[in-house]
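generate a structure from the sequence data that follows.
(2 chains)
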Amino acid sequence: MQQGDRVENFAMDDSDHALIKATGTGDHLAFELLVRRYQHAVVNFIFHCIGDRSTAEDIAQEVFIRVYDGASGFEPRAKLATWIFKIARNLCLNELKRRSRRKRCYDSLSSQLTESGSSPFSSVFEGLESAQELMCALETLPENQRAALLLRVNEGLPYAEIAKVLSVSVASVESLIFRARTRLRETLGKQQEV
Amino acid sequence: MSAYVDGELDRETSSAMTTHLESCRTCREYLAALSSVDALIGRLPQIEIGEGFSKRAVARAKEWDELADAALRPSAPSVFDSLRHLLTDVLDTMVSESAPAIQTLEEFADFPPLSLGCAYFQILGHATRG
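Sure, this is the predicted structure:
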């Protein structure tokens, strides 16, 4: 069987559990497919959590090497996406703590958008001037509310899985997401009024 | 309301909410506002991942394997180990050479009791001990 055929077969047929099991035996092809399957979601989750485009990919690489390192001990009953996002969220927390010490959170994104003039995303938002405003509104949320909302809306994780990622109860997730939506609605409403 | 948007309510509660929304304009507007927040979140800027990302991840995994193999494999004495042993020997020699100097100083402390020399070395002894 050709390498390309094997890639197609892996990608089409194999479940997350088959890929992580093969990765645990040191199968680099399975690992690459696993990375490709989750890279977009993981990188963008990190990007929206920390607000820094350049660091997001570096942290995502760290997430995947931890996945590779822990693959052999992965508990088959768990959901792979939940485990991966839990690692990503923990690394985001570490990064945010590091940045809070330096008071640099979101500065990078702001400077990138300011330097480039108008945002390429500005036309997308009705009533909002730029993606920067939306990112800044997101930044006003406490980290756990932001992570819960992103995991629900962008990744479509059910409350029970989000609860595992954040290590809280399902009721807490419901509360976090409700408060996140309410607060964002208020923040964005104020921006639209200005 | 938020759980209703996410389809996380049980069937009975969800059905009751749907019935309520049909007759409550305020709740319908609130629901629309929550949904519009989700629409905006869905339009956040996205990073497009290039082909190189997964290749870099695999390259790092291979490096990881090499490091793990090196850590498990019993290795022959390296140049670094030889240098470390040499440095340790030199340091041991220096320490052993410095020890007699203190002993030599102490040999001069052989003064009669109540003499000035004895008092001096007692003070010196207290100072070094303190």
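
so does stretch A:80-92 get close to chain B?
No: Stretch A:80-92 stays clear of chain B (C-beta under 8 Å from any C-beta of the partner chain), getting no nearer than 12.4 Å. C-beta coordinates here come from the backbone N, C-alpha and C atoms, glycine included.

report the distance from that stretch to the chain centre.
Here stretch A:80-92 is found 8 Å from its chain centre; the criterion is C-alpha atoms, centre = their mean, to the nearest Å.

for chain A, what's its nearest residue on chain B.
Proximity of chain B to chain A (C-beta to the nearest C-beta) peaks at B:Ser2, 3.8 Å away.

any idea how far that residue is from A:Val173?
Relative to A:Val173, B:Ser2 is positioned 10 Å away (C-beta to C-beta, to the nearest Å).

and these two? Which one has more around it.
Higher neighbour count among B:Ser2 and A:Val173: A:Val173, with 27 against 22, using other C-beta atoms under 10 Å in any protein chain shown.

which positions in chain B make contact with chain A?
Applying C-beta under 8 Å from any C-beta, we find that chain B lies next to chain A at B:1-3, B:5-6, B:8, B:33-34, B:36-38, B:40-47, B:49, B:53-58, B:60-62, B:64-65.

now, which of those lie within strands?
Counting by DSSP state E, the residues of chain B next to chain A place none of their members in strands.

just the ones of the residues you listed in helices?
Among the residues of chain B next to chain A, DSSP state H puts B:2-3, B:5, B:33-34, B:36-38, B:40-41, B:53-58, B:60-62, B:64-65 in helices.

any quick PyMOL command for the buried ones out of those residues?
A single PyMOL command is used to select the members of those judged buried by 16 or more other C-beta atoms under 10 Å in any protein chain shown:
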select buried, chain B and resi 2+3+5+33+34+36+37+38+40+41+53+54+57+58+61
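
which regions of chain B lie under the pLDDT threshold?
Applying pLDDT under 70 to chain B flags residues B:72-80, B:94-114, B:124-130.

thank you, goodbye.
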